[in-house]
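Peer 1: No letters, just coordinates:
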């Protein structure tokens with residue numbers, strides 16, 4: 001999808017009471033409102049490694065998480081209910 005814009009606003013996906021450096025996932029939305037608008041994803045421990053997708057795929061992923069489609073990935077992980 002090209003070069004990563006330098007002026008992105010990164011949103012950290014962490015619990016509200018989280019402290020410390022993480023690592024946490026951060027998401028930034030690029031310019032545009034359509035399904036092809038870019039979405040950038042990175043981890044705080046390696047901010048130079050950015051994965052890029054588009055808004056259509058990101059929205060489908062978020063809906064899948066909300067629907068529980070990925071719950072099997074956390075079965076048996078300590079602290080996850």
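Peer 2: Happy to help now that I have it. Please read all numbers here as calculations on a predicted model, not as lab measurements. Numbers count the residues shown, from 1 in each chain.
Peer 1: helices and strands around the helix or strand hosting residue 52, which ones?
Peer 2: Taking DSSP states H and E as the criterion, residue 52 maps to strand 46-54. Other helices and strands packing on strand 46-54, by 3 or more Cβ pairs under 8 Å, 6 or more residues apart in numbering; DSSP states H and E, are strand 38-43. Yep, even glycine has a C-beta here, placed from its N, CA and C like the rest.
Peer 1: Now do the buried residues in the strand holding residue 52.
Peer 2: Buried residues in strand 46-54, counted by 16 or more other Cβ atoms under 10 Å: 50, 54.
Peer 1: Quick one: work out the angle between that strand and strand 38-43.
Peer 2: Put simply, strand 46-54 runs at 150 degrees to strand 38-43, going by axes from the mean of the first three to the mean of the last three Cα atoms, to 10 degrees.
Peer 1: Now the element after the helix or strand bottoming out on mean pLDDT in the chain, going C-ward?
Peer 2: The weakest-scoring helix or strand in the chain, judged by mean pLDDT, DSSP states H and E, is strand 11-13 (a mean of 91). Remark: after strand 11-13, the chain's next helix or strand is strand 25-29, criterion DSSP H and E.
Peer 1: Show me which positions of that following strand end up buried.
Peer 2: Within strand 25-29, the residues that count as buried by 16+ other Cβ under 10 Å are 26, 27, 28, 29.
Peer 1: Which strand residues bridge the residue nearest to residue 49 when sequence neighbours are not counted?
Peer 2: Computed as Cβ to Cβ, 6 or more residues apart in numbering, the closest residue to residue 49 that is not its neighbour in sequence is residue 42, at 6.3 Å. Note on residue 42: beta-bridge partners by DSSP bridges are residue 26.
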